[in-house]
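Build the 3D model from these lines:
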Amino acid sequence: MPEISAHTIDHLRRIVGGEHVLTDPAELMAYECDGFPIAKAVPRAVVFPATPEQVAAVCRTLHDHGVVIVPRGSGTGLTGACVGYGDGVIVATTRMKKILDIDVHNRIACVEAGVFNAALTQAVKRTPGGERLCFAPDPSSQKASTVGGNCATNAGGIHTLKYGVTTNHIVGVEMVLPDGTVLNTRGAKLHDGVGADLPAVICGSEGTMGIITKVWVRLTNDPQAFRTIVGIFADSRAATQTVADVIGSGITPAALEMMDGAMVKVVEDAFHYGFPTDAQALLLFELDGVEAILDGQMQRVAEMCRANGATDVQCSADPARRAELWSARKRAFGAIGRISPSYCTQDACVPRSMLPDVIDRIMQIGEKYGLTITNVFHAGDGNVHPILLFDEDDPQQVHNVMEASHEILEFCIAIGGTLTGEHGVGVEKLPMMKVMFTAATLEAFAKIKAAFDPDEMINAGKLLPSEKLVVDLLSPSAPNIPGGAM
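A predicted model of the protein is given here:
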C-alpha cells in the first residue's frame with residue numbers, strides 16, 4: 001500500500017488544525033492497539049476532526065491519495081477493529097462530543113459520535129421531563145466508550161438480556177463514506193421505515209463501511225423499582241444450571257451475570273465487597289419493573305438458587321447495595337491487572353442450556369495450552385467471556401492464547417452458538433468467519449461492504465476476509481506484525 005506523503009499530512013493539518021494531527025512516533029504508540037493487546041500496529045498518523053464536514057474532507061483526502069482509513073472511537077474495543085494496519089491513518093471521532101437534541105416527548109436523542117455512552121444518559125436526566133428516561137445500552141466501558149463506537153460494534157452490556165444490544169436502540173445514523181460522501185439514513189423526524197433498514201446494516205459493521213458521525217437513539221423508560229439477588233455456589237455447574245432454570249421459568253431478569261471462583265477471589269482481593277473467597281461461582285441477578293410483582297419474582301429466583309445448592313443467597317431492594325454490586329461486576333476486568341500482565345477477553349454466545357458444558361470445556365482448553373482462564377460473563381443470554389491470562393512479551397504464550405481462543409470459539413459454534421455476542425470480529429476472530437458462515441454468506445457480506453466501499457479503502461482486513469490486507473496473529477516470531485499486504 002502507498003505510504004502517506006508529507007503533502008497529504010499538510011493537507012490534513014489544514015483541514016483539522018495542526019495540533020489535531022499526530023505523527024510523532026512516541027505519540028502514535030498510544031494508538032497501536034485497542035483493548036485487545038495482541039493486535040498491534042503503529043498507524044502512520046492519527047487525525048482528530050471536530051465536525052462531520054471535517055470528517056468528510058479528511059476521508060476525501062485520504063481516499064484520493066490511496067491511504068487506508070481506520071475509524072476509531074475511544075479505543076475500548078476488544079478485537080483490534082480500530083488498529084491501523086497497512087500504514088493506515090486513524091480518524092478518531094473523540095472531539096465530536098455535542099449532544100445535538102434531546103426530544104423527551106418523542107423519546108429520541110441525536111448525538112455526535114464522540115459522546116460518551118454514560119454521558120448521554122446523564123444529559124437526558126438533566127433535561128426537564130427526561131428524569132425517568134435513559135439510553136439503555138450499558139457496556140462495562142460505558143464511561144469511556146462512545147455512542148458512535150457502540151453503534152459501530154453493536155455493543156451489548158449487562159442489561160442486554162432484557163433490553164437488547166445497541167442496534168435495538170438506534171433509529172438513524174449519519175455516516176461519511178470513504179470517498180467523503182455523507183450518507184444520512186434518517187429521512188424524517190421519526191423513523192420513516194422506508195426501504196432497507198440501513199441503520200441496522202451499519203450498526204455492527206465495525207467501521208468497514210464508513211465513519212459514523214451522528215446517531216439518533218431511542219430513549220427508554222427507567223424501571224419503577226429494582227431487586228438484586230446474589231447467589232453464592234460451591235459448584236460452577238450448579239450455578240450455570242440455575243441460570244437455565246430461571247430463564248426457563250419465564251422470569252426475564254434485567255441482568256443475570258456470573259463470576260467463576262477465580263474471578264470472585266480476584267475481585268474480592270482487590271475491592272473487598274465481602275464475597276467469600278472460597279466460592280466457586282457467584283450469580284448476580286437484577287429484576288426490574290413494577291414494584292408490586294418484584295418481591296414474588298425475587299423469592300422465586302432465591303428458591304431456584306437454593307434448590308441448586310447455593311451456599312448463600314442475598315436479596316436486596318437497597319439502591320446503595322445494588323450500585324455496590326454492579327460496581328463489583330464492572331470493575332472485574334480492571335482487577336485482572338493485579339494478577340496478570342496481559343489478558344485476552346474472549347466473547348462467544350451459546351445456548352443457555354449448554355453453559356455447564358461450555359465452562360467445563362473452556363477450562364479443559366486452558367489446561368491443554370497451559371493457560372489460566374477466569375470467567376465473568378452475561379450468563380442470562382449465554383454470552384460467555386473467558387479471560388485468558390498471559391504475558392504478551394512471550395511469543396509462545398501469545399501463540400497459545402490465539403490457538404486456545406480459536407478452539408473455544410470452534411466449540412461454541414459447534415454446539416449451536418456464535419463467534420461473538422457483543423465484541424465483534426475485528427482481526428481477532430477473522431479466521432472464525434469461515435467456520436461460522438458459508439462461502440455464499442461471506443460473499444453476500446462482501447457485496448454489502450462493496451456497495452459502501454467499492455475500493456476497500458476503509459478498515460480493510462477487519463470483520464471480513466480481505467486479499468488487500470492479511471493480518472497473522474498466530475505467528476509466534478512476530479505476533480503483532482501484518483502477515484502481508486497485497
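
if I look at Lys429, how far off is Leu409?
To Leu409, Lys429 is 7 Å away according to C-beta to C-beta, to the nearest Å. Just so you know, the C-beta spots here come from the backbone N, C-alpha and C atoms, and that holds for glycine as well.

Name the residues contacting each of these two.
By C-beta atoms under 8 Å, 6 or more residues apart in numbering, Lys429 and Leu409 have these common neighbours: Leu419.

hmm, who's touching the one helix or strand Arg306 maps to?
Using DSSP states H and E, Arg306 sits within helix 291-307. The contact list for helix 291-307 (C-beta under 8 Å, 6+ apart) reads 224-227, 229, 231, 233, 242, 245-246, 249, 251, 253, 283, 285, 287-288, 313, 315, 317.

Show only the entries of these found in strands.
225-227, 229, 231, 233, 283, 285, 287-288, 313, 315 (DSSP state E).

Please enumerate the strands of the stretch 151-300 of the chain.
Under the criterion DSSP state E, counting those that start in this stretch, strands of the stretch 151-300 of the chain are mapped to 170-176, 182-184, 211-218, 220-221, 225-233, 255-260, 281-289.

quick one, the third one and strand 170-176 angle?
So that's strand 211-218. Interaxial angle of strand 211-218 relative to strand 170-176 (axes from the mean of the first three to the mean of the last three C-alpha atoms, to 10 degrees): 160 degrees.

ok now strand 211-218, how far from the chain's centre?
Mean-position distance between strand 211-218 and its chain equals 17 Å (C-alpha atoms, centre = their mean, to the nearest Å).

List the contacts of that strand.
Residues from elsewhere that reach strand 211-218 (C-beta under 8 Å, 6+ apart): 52, 55, 59, 69, 71, 91, 93, 96, 100, 107-113, 120, 135, 147-148, 151-152, 168-176, 182, 186, 202, 458.

can you count the residues close to Asp394?
For Asp394, the neighbour count with other C-beta atoms under 10 Å is 15.

From Ile158, how far off is Asp318?
Separation of Asp318 from Ile158 (C-beta to C-beta): 19 Å.

of the two, who's got more company?
Shown here are Asp318 and Ile158; by other C-beta under 10 Å, Ile158 has more neighbours (22 against 12).

What about the nearest residue in space to the more buried one that is not next to it in sequence, how many residues nearby?
Nearest residue to Ile158 in three dimensions, chain neighbours excluded: Ala255, at 4.6 Å (C-beta to C-beta, 6 or more residues apart in numbering). Residues lying near Ala255 (other C-beta under 10 Å) number 24.

repeat for Gly130
For Gly130, the count of nearby residues is 18 (other C-beta under 10 Å).

Which secondary structure element is home to it?
Here Gly130, judged by DSSP H and E, is contained in no helix and no strand.

I'd like to know which helix or strand in this protein has the lowest mean pLDDT.
Least confident helix or strand of the chain, by mean pLDDT, DSSP states H and E, is strand 482-485 with a mean of 36.

Could you list the low-pLDDT ranges of the stretch 101-250 of the chain?
Within the stretch 101-250 of the chain, the segments meeting pLDDT under 70 span 187-193.

returning to that earlier point: hmm, which of the contacts of strand 211-218 are the buried ones?
By neighbour count, with 16 or more other C-beta atoms under 10 Å, the contacts of strand 211-218 hold 52, 55, 59, 69, 71, 91, 93, 96, 107-113, 120, 135, 147-148, 151-152, 169-176, 182, 186, 202, 458 as buried.

Which ones among the residues you listed lie within helices?
Among those, the ones falling in helices (DSSP state H) are 52, 55, 59, 120, 147-148, 151-152, 202.

Nearest the geometric middle of the protein, what residue?
Geometric centre of the chain, nearest residue: His423, 3.7 Å, by C-alpha atoms, centre = their mean.

returning to what we had before: now the helix holding Arg306: buried residues?
Across helix 291-307, burial judged by 16+ other C-beta under 10 Å covers 294, 297-298, 301-302, 304-305.

contacting residues for Gln346?
Listed by C-beta under 8 Å, 6+ apart, the contact set of Gln346 reads 384-388, 405, 408-409.

which of those residues sit farthest apart?
Farthest pair in the contacts of Gln346 (C-beta to C-beta) is Ile387 and Leu409. Separation: 14.5 Å.

Give me the neighbour count for Ala119.
18.

burial of Ala451, as a residue count?
Burial of Ala451 is recorded as 11 neighbouring residues (other C-beta under 10 Å).

Output whichever helix or strand it is part of as CSV - backbone C-alpha positions only.
Here Ala451 is covered by helix 439-452, with elements defined by DSSP H and E. Output in CSV follows, covering the C-alpha atoms of helix 439-452 (Å, rounded to 0.1, in the frame of the first residue of the first chain):
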residue,chain,number,x,y,z
ALA,A,439,-18.8,-19.1,1.3
ALA,A,440,-22.1,-17.8,-0.2
THR,A,441,-22.9,-15.9,3.0
LEU,A,442,-19.4,-14.3,3.2
GLU,A,443,-19.8,-13.3,-0.4
ALA,A,444,-23.1,-11.6,0.4
PHE,A,445,-21.4,-9.7,3.2
ALA,A,446,-18.6,-8.6,0.9
LYS,A,447,-21.1,-7.3,-1.7
ILE,A,448,-22.8,-5.2,1.0
LYS,A,449,-19.4,-3.7,2.0
ALA,A,450,-18.6,-3.0,-1.6
ALA,A,451,-21.8,-1.0,-2.0
PHE,A,452,-20.4,1.4,0.5
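
mean confidence score for that helix?
Mean pLDDT, computed over helix 439-452, is 97.

Which strands and helices lie in contact with the helix or strand following it?
Next in sequence after helix 439-452, counting helices and strands by DSSP H and E, comes strand 469-471. Here strand 469-471 touches strand 482-485, going by 3 or more C-beta pairs under 8 Å, 6 or more residues apart in numbering; DSSP states H and E.

pLDDT score assigned to Gly382?
In this model, Gly382 is scored at 95, pLDDT.

I figured it was touching Pro356, is that so?
No - look at Gly382 against Pro356 with C-beta atoms under 8 Å: they stay out of range, at 11.7 Å.

Neighbour count for those two, which is higher?
Gly382 (26 against 18).

and the more buried one, what does it touch?
Contacts for Gly382 were tallied using C-beta under 8 Å, 6+ apart; they are 349-352, 354-355, 417, 421.

Gly334 is nearest to which of the strands of the stretch 151-300 of the chain?
Nearest to Gly334 among the strands of the stretch 151-300 of the chain is strand 255-260 (13.8 Å), distances taken as C-beta to C-beta.

and the closest one with strand 281-289, angle?
Per the same axes, to 10 degrees, the angle that strand 255-260 makes with strand 281-289 is 170 degrees.

Run me through the strand neighbours of strand 255-260, direction for each.
Using DSSP bridges, strand 255-260 pairs in its sheet with strand 281-289 (antiparallel), strand 372-377 (antiparallel).

So which of those is nearest Asp269?
If you check each of the strands paired with strand 255-260 against Asp269 by C-beta to C-beta, strand 372-377 wins as the nearest, at 12.5 Å.

I'd like the next helix or strand past that closest one.
strand 383-384.

Let me see the residues that make contact with that following strand.
Contacts for strand 383-384 (C-beta under 8 Å, 6+ apart): 156, 160, 346-350, 355, 358-359, 362, 375, 377, 412, 421-422.

try 10 Å
For strand 383-384, the external contacting residues (C-beta atoms under 10 Å, 6 or more residues apart in numbering) are 156-157, 160-161, 165, 240, 257-258, 346-350, 352, 354-355, 358-359, 362, 375-378, 408, 412, 417-418, 420-423.
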